[in-house]
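*Asks:* give me a 3D structure for the following:
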Amino acid sequence: AVSTVSKMSIVVLYKNAYGTATLDTDLVAQVSADGGSNYTAAPLTAAGTFSTGILIAKSNDITISNTGTAPKYKISFANQVSTSKETQVYGVAMMY
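*Replies:* Numbering: from 1, shown residues only. You can find the predicted model right below:
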């Protein structure tokens, strides 16, 4: 980034291949402004359907306490079980 980042937003396109993911439990997003040294939780909210089977989750105006000029995001999965609960990420957009 050309200047210090103190607010960020994220949009995630995902698919429930098996089962239904619970946002912030099964599919977790985090953002960092300091190159990944410190991550801040990005509480995801369902934001509708992008296309057939592809859903949208978003987190707006996340305040970053460890500011910096190297924005990064991290997506984590939990509780994934083959053929029972499988969440697939199709795309991520990060705004700062």
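*Asks:* who's K58 bridged to?
*Replies:* Here K58 shows beta-bridge partners V11, T45, assigned using DSSP bridges.
*Asks:* OK, contacts around it?
*Replies:* With contact taken as Cβ atoms under 8 Å, 6 or more residues apart in numbering, K58 is in contact with 9-12, 44-45, 47. Bear in mind the C-beta positions are built from the backbone N, C-alpha and C, glycine included.
*Asks:* among those residues, who's most crowded?
*Replies:* Tallying neighbours with other Cβ atoms under 10 Å puts V12 at the head of those, with 24 neighbours.
*Asks:* leaving out sequence neighbours, find the closest residue to K15.
*Replies:* Leaving aside its sequence neighbours, K15 sits nearest to Q88 (Cβ to Cβ, 6 or more residues apart in numbering; 4.7 Å).
*Asks:* model confidence score at that neighbour, please.
*Replies:* Q88 carries a pLDDT value of 98.
*Asks:* list the contacts of it.
*Replies:* Counting by Cβ under 8 Å, 6+ apart, Q88 makes contact with 14-15, 17.
*Asks:* that one and G53: what is the separation?
*Replies:* Distance of Q88 to G53, computed by Cβ to Cβ, to the nearest Å: 10 Å.
*Asks:* try V11
*Replies:* Distance, V11 to G53, by Cβ to Cβ: 17 Å.
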